[in-house]
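Undergrad: Next come a sequence and a model predicted from it.
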Amino acid sequence: MKFHIYKFLWVIILISIPLISFGQKFKVNFNYLLFHIPNETSYIELQFLFDGKGLEYKTTDQGGYQALMGTNISFNNSDTVIKRSYAFTSEEYTDSLSYDKNIYNVVRIPLPNGKFQMEISLYDKNAVNPDTLSFKDHLDIHYNPNSVGLSDIMPIGFFSQATKSDNFTKHGIDYMPYFSTYYPENIKQLTFLTEIYYTDSVISGKDFVIHSYITRHNENTPISPQYERWEAAKKTDIHVIFQSFKIDSLPSGNYYLTIEVRDRKDTLHAYTSLFFQRSNTLMQNMDVARTDSLPYDTLKLYLDYIYIIADIEEKVFIDNISPEKYNEIEDFFNYFWYKRNKENPHEAWYRYYNQVMRVNYNYSTLNYKGYKTDRGYYYLKYGPPTDIEYEHSTVNGPPYEIWTYNVLSDGQVNVMFVFYNADLTTKDFRLLHSTARGELHNENWKEILYIKEGFDKGETEMIKDE
């Protein structure tokens, strides 16, 4: 089981403050995963990543600065109530330049078999009026010696051989969890750890088979042999899988990593899966919604791209941004796409970005990039037309295009847009007429398109539908 709390909790805070008044915010990523100790107990591992930029720091007795975070955790069912509270401290910093460091921690809590309601709250203990981030979920723990069991799949960001044991040590490996289901293009491999339980008491024969593979979302078969692995293993009460798949050539999309446990007769005894998203568009500076490394000018350009489809409040924010508010711009940009596609905001942005690149290629002029032209604007606003009638070499009037849409997103049907090139030199096709509600309407558009000589954009009266 896995939950990426950063996106969920961030939205709760963000919608409670004005769109143009962003400030530093308490942000937390966390994963939770179920593991088991054969013949003893199960336990939940909670991995925390606190964003150092959103924390309050207090002066210590030694004259340094330190952050302090708190969490309350409870597990409830009809028979059991388990409660835990923890306080996490940052390192003691000598100056404010270190405040942007992320703070990691992990706790492990023993839990018996059963179904539980889990509740977690997190807050900044140094804040005067702290925002409390809350999360609830159901747990179902059912490990037993009579069936093969699997832990959850734990994605790993970094690892090394352990020289001593601490909270981030497991099976002789020092590890840093990967706190996301999203793998941008710069990450070349997916590394993970999983535990298998009770093969010695359940599976006949001397060994068993582990089948690891990656499938596309809603598909059941491995993508290719490159993303599939078979491994024989000796039976034991606990077997550790520590593997990596190279994903440098894995296309953008939604995927599942699946681990199966089978015997030599190919009988399936247990399996578990991890959902993840891959971005591999081969575009430059496209780690959205991972915008940390983008220069301000690039991020500002991206805001200009999305202005076309922004609502009124979003346009107010974009119109009032300033370079020193970089973090606010970054948060706004990510939330903009989260609102439009909560399941996959990254994919929504990439799809729109591809549309921008398409109109820039097709409609750029001597003076304007394609998205700044009328054709580019309406293409991005309404999507690609159902049909385009081209007339670029007419001798009876200006070059023109007539776009028709069978249906628009708001339900309008059989809508038409007429664009024409009035000056014949810039190749800038301007909107002349449309039958869409609220767009430019010109009853005399045909007279302008089909006059023989000396056409003039100002000869007719153009009005807007109300």
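TA: Happy to help now that I have it. Just so it is clear, the model here is predicted, and its values are computed rather than measured.
Undergrad: how many neighbours does His346 have?
TA: His346 has 23 neighbours, counted by other Cβ atoms under 10 Å. Any C-beta I mention is one placed from the backbone N, CA and C, and that applies to glycine too.
Undergrad: same thing with Glu447?
TA: 13.
Undergrad: part of a helix, is it?
TA: Yes - note on Glu447: a helix contains this position according to DSSP: H, G, I helix; E, B strand; the rest coil.
Undergrad: pLDDT score for it?
TA: Among the per-residue scores, Glu447 shows a pLDDT of 83.
Undergrad: which residues of the chain fall in helices?
TA: 5-14, 199-202, 296-306, 312-319, 326-340, 345-363, 374-382, 445-450 (DSSP state H).
Undergrad: Arrange the ones you listed in a markdown table, one row each, with distance to Asp174 as further columns.
TA: A markdown table is the format used below for these (distance: least, Cβ to Cβ, whole Å):
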| stretch | distance to Asp174 |
| --- | --- |
| helix 5-14 | 23 |
| helix 199-202 | 27 |
| helix 296-306 | 35 |
| helix 312-319 | 42 |
| helix 326-340 | 31 |
| helix 345-363 | 30 |
| helix 374-382 | 47 |
| helix 445-450 | 70 |
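Undergrad: Quick one: closest of those helices to Lys27.
TA: Judged by Cβ to Cβ, the one of these that comes nearest to Lys27 is helix 5-14, at 6.1 Å.
Undergrad: on that earlier part again, out of the helices of the chain, flag the one nearest Ser279.
TA: helix 345-363 (5.8 Å).
Undergrad: Distance from the closest one to the middle of the chain?
TA: 17 Å (Cα atoms, centre = their mean, to the nearest Å).
Undergrad: For that helix, buried residues please.
TA: 345-350, 352-353, 355-356, 358-360, 363 (16 or more other Cβ atoms under 10 Å).
Undergrad: Then stretch 437-452?
TA: Glu439, Leu440, His441, Asn442, Trp445, Ile448, Leu449.
Undergrad: just the buried residues of helix 345-363 now: which is nearest Val28?
TA: Pro345 (18.6 Å).
Undergrad: wait, Trp337 sits on Trp349?
TA: Yes - in this structure, Trp337 is within contact of Trp349 by Cβ atoms under 8 Å, at 4.8 Å.
Undergrad: residue contacts, Lys369?
TA: Asn360, Gly376 (Cβ atoms under 8 Å, 6 or more residues apart in numbering).
Undergrad: Then the one 5 residues further on?
TA: Contact analysis of Asp374 by Cβ under 8 Å, 6+ apart lists Phe419, Asp428, Phe429, Arg430, Leu431.
Undergrad: how many neighbours does the last one have?
TA: Taking other Cβ under 10 Å as the neighbour definition, Leu431 ends up with a count of 19.
Undergrad: Leaving out chain neighbours, which residue sits closest to Asn39?
TA: Pro145 (6.7 Å; Cβ to Cβ, 6 or more residues apart in numbering).
Undergrad: Hmm, that neighbour is touching Asn113, no?
TA: No - judged on Cβ under 8 Å, Pro145 makes no contact with Asn113 at a distance of 11.6 Å.
Undergrad: Mutual contacts of those two, please.
TA: Between them, Pro145 and Asn113 share no contacting residue, judged by Cβ under 8 Å, 6+ apart.
Undergrad: Below-threshold pLDDT in this protein: ranges please.
TA: Low-confidence segments of the chain, defined by pLDDT under 70, span residues 1-24, 97-99, 281-294, 323-325, 394-395, 451-466.
Undergrad: ok, now how distant is the spatially closest residue to Ser364 that is not a sequence neighbour from Tyr382?
TA: Nearest residue to Ser364, sequence neighbours excluded (Cβ to Cβ, 6+ apart): Gly370, at 4.4 Å. Gly370 sits 15 Å away from Tyr382, going by Cβ to Cβ, to the nearest Å.
Undergrad: Equivalent analysis for His392, please.
TA: For His392 relative to Tyr382 (Cβ to Cβ), the value is 22 Å.
Undergrad: higher neighbour count, those two?
TA: Taking other Cβ under 10 Å, His392 and Tyr382 do not tie; Tyr382 has more neighbours (19 against 11).
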